[in-house]
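Engineer: Sequence first, predicted model second:
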Amino acid sequence: MNLKKLIAYFTGLCLITMSAILGLDYWISYKTAPYIYHDENKLPYRAIGVVLGTAKYVRGGGINGFYRNRIDGAIELYWQNKVDYLLLSGDNALLSYNEPLTMKKDLIKAGIPSDSIVLDYAGFRTFDSVVRANKVFDANDFTIITQEFHCERAIFIALAHNIQAQCFAVPAPASMKLVRIREMFARVSAFIDLYILNKEPKYLGPVIPIITNSH
């Protein structure tokens with residue numbers, strides 16, 4: 001095979017790969033749109049709200065806008081009686097880095113009672129957070145709280161597991177280009193986990209139901 005043919009094959013392969021990535025990205029956004037809400041007044045009540053964790057601070061100092069808006073969204077939904085319990089799901093890999101506990105402290109500062117807060121220390125990835133909410137915490141219909149692009153992937157995972165989730169999309173920081181590019185590849189990874197590898201969360205363990213009050 002000469003060099004020109006090799007370059008042509010390689011270019012064609014790159015174009016096909018990029019088309020597949022863009023197509024999957026668009027399909028996930030389209031498929032999950034009916035389950036995503038931006039207005040809390042239109043958001044149906046669910047007993048449990050699942051807050052997806054992220055770092056509180058950005059490198060170099062300052063509050064992470066993604067974190068702040070998720071916490072503000074959780075507080076808003078709780079006081080608007082859109083959720084009764086908040087399941088805080090995040091990474092707890094290091095003693096100095098504990099996403100669920102950090103979120104709990106800020107929610108308690110906002111006046112939310114500790115008995116309305118449940119911590120999931122094994123929400124290492126969005127996949128783990130969504131599936132564990134169902135399989136470990138026995139929740140099948142809940143509200144996920146995060147930014148819209150993240151909502152789409154989380155709902156995509158929920159639908160694949162027949163989980164009746166919806167998502168409250170909180171505002172995203174203005175600078176989103178790199179985050180959005182990374183999200184496209186995260187969606188490819190989620191698709192592979194769900195439909196090719198049939199992955200399970202890193203940890204499952206015993207079922208710990210979140211007891212809810214019916215309205």
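Structural biologist: Here it is on my side, so go on. In this text, all values refer to a predicted model and were calculated from it rather than measured experimentally.

Engineer: so where do the helices sit in the chain?
Structural biologist: Along the chain, the segments classed as helices by DSSP state H run 3-32, 65-79, 99-109, 126-135, 148-160, 177-195.

Engineer: Next, format these as a markdown table and append mean pLDDT, mean neighbour count and distance to residue 50.
Structural biologist: For the C-beta atoms, the positions are set from N, CA and C on the backbone; glycine is no exception. Formatted as a markdown table, the helices of the chain follow (pLDDT from 0 to 100; neighbours: other CB atoms under 10 Å; distance: least, CB to CB, whole Å):
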| stretch | mean pLDDT | mean neighbour count | distance to residue 50 |
| --- | --- | --- | --- |
| helix 3-32 | 91 | 12 | 15 |
| helix 65-79 | 97 | 20 | 9 |
| helix 99-109 | 96 | 18 | 11 |
| helix 126-135 | 97 | 23 | 5 |
| helix 148-160 | 98 | 22 | 8 |
| helix 177-195 | 93 | 14 | 16 |
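
Engineer: Just send those back as a markdown table, with distance to residue 41 too.
Structural biologist: Below are the helices of the chain laid out as a markdown table (distance: least, CB to CB, whole Å):
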| stretch | distance to residue 41 |
| --- | --- |
| helix 3-32 | 21 |
| helix 65-79 | 11 |
| helix 99-109 | 22 |
| helix 126-135 | 24 |
| helix 148-160 | 17 |
| helix 177-195 | 27 |
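
Engineer: Relative to residue 211, which of those is closest?
Structural biologist: Nearest to residue 211, of all these, is helix 126-135, at 14.7 Å by CB to CB.

Engineer: Residues contacting that closest one, please?
Structural biologist: Residues from elsewhere that reach helix 126-135 (CB atoms under 8 Å, 6 or more residues apart in numbering): 48, 50, 52-53, 87, 89-90, 120, 122-123, 139-140, 142, 144, 150, 153-154, 157-158, 161, 163, 165, 186, 190, 193, 199-204, 207.

Engineer: try it again with 6 Å
Structural biologist: 50, 52, 87, 89, 120, 123, 139-140, 153-154, 157-158, 161, 163, 193, 201-202, 204 (CB atoms under 6 Å, 6 or more residues apart in numbering).

Engineer: Count the residues that sit near residue 63.
Structural biologist: Neighbour count of residue 63, defined by other CB atoms under 10 Å: 12.

Engineer: Let me see the contact set for it.
Structural biologist: Going by CB under 6 Å, 6+ apart, the list of residues near residue 63 is empty.

Engineer: give me that answer again for 10 Å
Structural biologist: 55, 56, 57, 71 (CB atoms under 10 Å, 6 or more residues apart in numbering).

Engineer: Please apply the same query to residue 49.
Structural biologist: Residue 49 neighbours (CB under 10 Å, 6+ apart): 43, 73-74, 77-78, 82-88, 116, 139, 142-145, 168.
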